[in-house]
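>>> Quick one, what's the 3D model for this:
(one chain, ligands or ions: 1)
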Amino acid sequence: MQVDNSFFKQIEHIGIAIKDPEKSIPIFNLLFNSTPYKSEAVVSEHVLTHFYQCGPNKIELLEPTSEESAIAKFIEKKGEGIHHIAFAVENIEQEMTRLKHAGFQFINEIPKKGADNKLIAFLHPKSCNGVLIELCQEIAE
Ligand code: ZN
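Residues are numbered from 1 along each chain as shown. So this is what the prediction gives:
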């Protein structure tokens with residue numbers, strides 16, 4: 001019998017849009033009493049990410065590096081703040097198929113390489129009650 005491992009394992013991270021890292025990073029450093037364990041550019045998305053570990057979960061600060069960035073547009077429209085919630089999945093392709101059959105729309109139809117060694121896909125907020133949801137699968141090293 002095939003085991004169905006298609007489900008959300010846990011909240012992997014919460015993405016927060018920031019405008020000015022010199023202003024925002026010290027606030028989060030104080031809040032978490034630590035500094036980002038990693039800062040990584042995602043060139044294709046025009047963002048610089050900064051990660052904090054909070055127990056089993058992470059906080060991902062998203063800093064736009066150009067006007068074209070979806071994060072720059074988000075900040076312009078809604079201001080800084082929570083941008084998305086990312087869920088860890090075992091098998092992203094399988095989970096995308098399940099969700100598409102259930103009527104959910106994806107922003108990217110094919111999983112792409114995201115920050116922090118992950119394959120990622122975003123569900124359209126229109127199909128998730130206004131919430132931008134990211135699925136991510138750890139890439140085996
Ligand atoms: Zn994310």
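>>> Please give the element, helix or strand, for the nearest residue to K38 once chain neighbours are set aside.
Leaving aside its sequence neighbours, K38 sits nearest to F51 (CB to CB, 6 or more residues apart in numbering; 4.7 Å). Using the backbone N, CA and C atoms, a C-beta is placed for each residue, glycine as well. If you go by DSSP states H and E, F51 is part of strand 47-54.
>>> Does anything pack onto the helix or strand bottoming out on mean pLDDT in the chain? Which helices or strands?
Least confident helix or strand, the chain: strand 112-114 with a mean of 90, by mean pLDDT, DSSP states H and E. Where contact means 3 or more CB pairs under 8 Å, 6 or more residues apart in numbering; DSSP states H and E, strand 112-114 is packed against strand 118-123.
>>> just checking, next helix/strand downstream of the strand it packs on?
strand 133-138.
>>> If you count neighbours, what's buried in that next one?
Using 16 or more other CB atoms under 10 Å as the test for burial, strand 133-138 gives I133, E134, L135, C136, Q137.
>>> just those residues that are near the ion?
Restricting the buried residues of strand 133-138 to those within reach of the ion (CB under 5 Å from the ion) leaves E134.
>>> that older thread, check whether the strand holding F51 contacts the ion.
No - Strand 47-54 is not in contact with the ion by CB under 5 Å from the ion; minimum separation 7.5 Å.
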